[in-house]
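Participant: Sharing a sequence plus its predicted fold:
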Amino acid sequence: MTDLFEKCREFFTDPAYAEALGYPASPQRAKDLGIYAFFIPLDRSEGTEVTIGGRKLIMLGSNNYLGLTMHPDVRRAASEAVGTFGTSCTGSRFLNGTLALHGELEQRLATYVGKEKALVFTTGYQANLGTLSSLVGRGDIVLCDKEDHASIVDGCRLALGRMVRFRHNDFADLDRVLAKCSDGAGRLVVVDGVFSMGGDIALLPDLVRVCRAHGARLMVDDAHGIGVVGRGRGTSAHYGVTDEVDLIVGTFSKSLASIGGFVAGDESTICWIQHAARSLMFSASLPAPNVAAALAALDVLEREPERVDRVNRVAERMRNAYRDLGFDIGESQTPIVPIFVGDSLKAMHVWRSLFDAGIYVNVAIPPAVPPGKALLRTSYMATHTDEQMERVLDAFAAVGKRHGLIS
Ligand SMILES: Cc1ncc(COP(=O)(O)O)c(C=O)c1O
């Protein structure tokens with residue numbers, strides 16, 4: 001009989017085992033080589049700078065696009081909420097875990113993204129899980145872009161209906177796939193508004209047209225769009241198609257400087273999700289400090305739209321500079337700017353050189369990206385200074401040349 005834990009032991013002790021699974025190196029071997037880029041403890045984080053092992057690094061790995069995690073209003077709102085409500089709701093939204101504050105945030109979010117109702121979940125991951133698994137029933141079909149976020153894929157796996165993938169941002173391929181769906185099946189198309197690795201924007205007007213032609217509903221996960229595109233209101237607003245997009249999902253763990261997620265749509269659909277989404281009903285609700293922080297961040301976002309302009313200006317400057325240096329940054333149009341490396345082991349070595357040069361980036365290797373498409377994911381904040389950007393570009397130029405990414 002096979003011991004269920006045998007794979008864990010082999011993964012832990014035998015470098016060849018991890019490599020056979022597709023990892024560029026086992027965790028231990030990567031640590032021995034000094035290129036293990038994951039679970040790195042930060043001693044302090046001050047937004048654009050972090051301290052690790054006593055060294056300060058410029059943070060290019062955060063989704064804190066508007067730089068609000070250290071904003072005095074946001075921090076004050078969270079502290080005051082601890083004083084008023086304590087640290088946890090100790091129950092699910094469905095039962096004892098709904099505060100009036102959740103309702104207030106839901107109303108504000110619905111208005112902000114232009115939908116009738118919104119429903120707050122404890123994370124964006126759970127919002128996708130609950131929304132997809134409750135809506136896509138047996139006999140239904142859910143169609144996902146090949147670069148959709150893992151939480152969408154997991155939500156589809158949990159759903160009883162069938163999942164079909166279409167080529168990235170390719171509405172003609174979606175049209176082809178939808179044409180093959182059986183007549184009786186309910187259809188839901190799901191895309192990231194801003195793709196979380198490539199930083200490109202979904203072609204919503206074309207997707208809307210194809211969905212309408214095939215009687216499919218459209219859901220947009222705007223985790224990286226809210227606060228960033230559409231003057232902050234997201235991808236649907238960016239294209240002026242909010243009324244044609246059926247569901248908008250968002251998270252508070254990026255521009256809104258907190259944790260939590262939501263889905264917004266028409267009243268009956270939200271009511272259904274409220275009473276059928278198991279990730280909402282069987283998990284404790286978002287604690288008050290996090291709700292209050294998201295509300296305060298939304299206040300700042302509405303009051304200071306110039307922050308949205310600033311993060312986009314920072315990002316545009318960096319995209320242009322990387323392209324001028326000769327880096328491959330793909331199709332990025334947003335503050336998510338990937339630097340494509342290709343080989344995973346090489347990406348980990350480049351990561352280490354940047355780390356030594358005082359720049360913190362995220363490295364994305366399979367399964368976060370397809371095999372052979374490893375990248376360094378850089379992302380920008382409204383609060384990055386011009387001086388920090390200069391230092392980043394100097395480091396990238398030197399490291400890129402040393403590793404043969406640019407000439
Ligand atoms: C596109 C997308 N959707 C959903 C999520 C999950 O959000 P959360 O961090 O709130 O669970 C993420 C987070 O990385 C994401 O990038």
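Facilitator: Cool, the structure landed.

Participant: Give me the neighbour count for residue 220.
Facilitator: The number of residues packed near residue 220 is 28, by other C-beta atoms under 10 Å. Glycine gets a C-beta too; all of them are placed from N, C-alpha and C.

Participant: again with the one 3 residues further on
Facilitator: Taking other C-beta under 10 Å as the neighbour definition, residue 223 ends up with a count of 29.

Participant: Distance check, the closest residue to it other than its chain neighbours against residue 290.
Facilitator: Spatial nearest neighbour of residue 223, chain neighbours left out: residue 251 (4.4 Å); criterion: C-beta to C-beta, 6 or more residues apart in numbering. Between residue 251 and residue 290 the computed distance is 12 Å (C-beta to C-beta, to the nearest Å).

Participant: higher neighbour count, the two?
Facilitator: Applying other C-beta under 10 Å to residue 251 and residue 290 shows that residue 251 carries more neighbours, namely 27 against 23.

Participant: Tell me who's in contact with the more buried one.
Facilitator: The contact partners of residue 251, by C-beta atoms under 8 Å, 6 or more residues apart in numbering, come to 123, 124, 127, 223, 226, 260, 261, 262.

Participant: beta partners for the residue nearest to residue 223?
Facilitator: In this structure, residue 251 bridges to residue 261 when assessed by DSSP bridges.

Participant: Could you report the pLDDT at it?
Facilitator: In this model, residue 251 is scored at 98, pLDDT.

Participant: Please convert the contacts of residue 251 to TSV, extending it with distance to the ligand.
Facilitator: Shown next, in TSV, are the contacts of residue 251 (distance: C-beta to the nearest ligand atom, whole Å):
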residue	distance to the ligand
123	4
124	3
127	7
223	3
226	11
260	7
261	5
262	10
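
Participant: now those residues as a markdown table including pLDDT?
Facilitator: Formatted as a markdown table, the entries for the contacts of residue 251 read as follows, by pLDDT from 0 to 100:
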| residue | pLDDT |
| --- | --- |
| 123 | 98 |
| 124 | 98 |
| 127 | 98 |
| 223 | 98 |
| 226 | 98 |
| 260 | 98 |
| 261 | 98 |
| 262 | 98 |
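
Participant: Would you mind checking those residues for buried ones?
Facilitator: Neighbour-count burial (16 or more other C-beta atoms under 10 Å) is assigned, among the contacts of residue 251, to 123, 124, 127, 223, 226, 260, 261, 262.

Participant: The third one against residue 252, yeah?
Facilitator: To tie it back to what came earlier, the one meant is residue 127. No. Taking C-beta atoms under 8 Å as the definition, residue 127 is not a contact partner of residue 252, at 10.1 Å.

Participant: residues shared between the contacts of the two?
Facilitator: 261, 262.

Participant: Who's the closest spatial neighbour of the residue of the stretch 301-407 of the chain found nearest the ligand, skipping the chain neighbours?
Facilitator: With distances taken as C-beta to the nearest ligand atom, the stretch 301-407 of the chain approaches the ligand most closely at residue 336, which sits 9.2 Å away. Closest residue to residue 336 apart from its sequence neighbours, by C-beta to C-beta, 6+ apart: residue 199 at 3.2 Å.

Participant: Equivalent analysis for residue 200, please.
Facilitator: When the adjacent residues along the chain are set aside, residue 200 lies closest to residue 331, with 4.1 Å between them (C-beta to C-beta, 6+ apart).

Participant: which residues touch the one you found?
Facilitator: With contact set as C-beta under 8 Å, 6+ apart, residue 331 has these partners: 198, 199, 200.

Participant: Could you give the bridge partners of residue 49?
Facilitator: Residues found in beta-bridge contact with residue 49 (criterion: DSSP bridges) are residue 58.

Participant: I figured it hits residue 59, correct?
Facilitator: Yes. Using C-beta under 8 Å as the test, residue 49 is close enough to residue 59 to be in contact (6.2 Å).

Participant: Quick one: name the residues of the stretch 251-400 of the chain near the ligand.
Facilitator: By the criterion of C-beta under 6 Å from any ligand atom, the positions of the stretch 251-400 of the chain lying close to the ligand are 251, 253, 261.
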